[in-house]
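Trainee: Fold the following and give me the result.
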Amino acid sequence: MDTKEEKKEIVVGMADIKVGEAPSVLLTNLGSCIGLCLYDPQRKIGGLLHLMMPSAGAAVNKSELKKAKYADTGIQELLQQLKNIYGVRVSDCSAKIFGGAKILQGNIHNIGMDNDAAVRAILKDLGIRVGACKTGGEKGYKLKFNLETGAVACQIFGEQIQEF
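Mentor: Coordinates of the predicted model:
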């Protein structure tokens, strides 16, 4: 059997980045974190960034910084991996954004909203079009990013699966 035809599921953890090509599927679960899917539809190549915070800010030790944890460093790292491994250019990419829920109800600060705003601002600056998004709410998200089609199956916990 040709292994190219088998769908490989790749789990993306918290503060993590994974890139791949069709027919792989990238999976993650989100709360206030944002899942950013970047996709090159011509080559059926994509990546998923699971970021936790809007900005690395003035991190004390930049050399030990976990880039995928932050929108500002994580998006650049995702683009770098897509370029280095698959030759994908920024202009080849479209984006889909998910997550950013307000999970902690007693907390006045809404980190999910901050994450969403940071991602959108960075993508705008890079000239990357956002093709779909499902953000906010008060429940977690489960994502399945199909690199064959570019479709993202998004399920808010306790609700029906929607495809974007």
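Trainee: What does the pLDDT read for Y86?
Mentor: You'll see Y86 listed with a pLDDT of 97.
Trainee: Need the nearest residue in space to it, chain neighbours excluded.
Mentor: In space, Y86 comes closest to I45 once its chain neighbours are excluded; the distance is 4.7 Å by Cβ to Cβ, 6 or more residues apart in numbering. C-beta: built from backbone N, CA, C; applies to glycine.
Trainee: who are the neighbours in contact with that neighbour?
Mentor: 19-22, 39, 82, 86, 88, 147 (Cβ atoms under 8 Å, 6 or more residues apart in numbering).
Trainee: So which of these sit within strands?
Mentor: The strands, defined by DSSP state E, take in 19-21, 39 from the contacts of I45.
Trainee: Closest to I122 out of the residues you listed?
Mentor: Comparing these against I122 with Cβ to Cβ places Y39 closest, at 16.6 Å.
Trainee: who's in contact with the residue nearest to the closest one when sequence neighbours are not counted?
Mentor: Nearest non-adjacent residue to Y39, counting by Cβ to Cβ, 6+ apart: G46, 4.0 Å away. Applying Cβ under 8 Å, 6+ apart, one finds that G46 lies in contact with 19-21, 26, 37-40, 82, 145, 147, 150.
Trainee: Run a quick check on D114 versus P54, I expect a contact.
Mentor: Yes - counting by Cβ atoms under 8 Å, D114 touches P54, with 4.8 Å between them.
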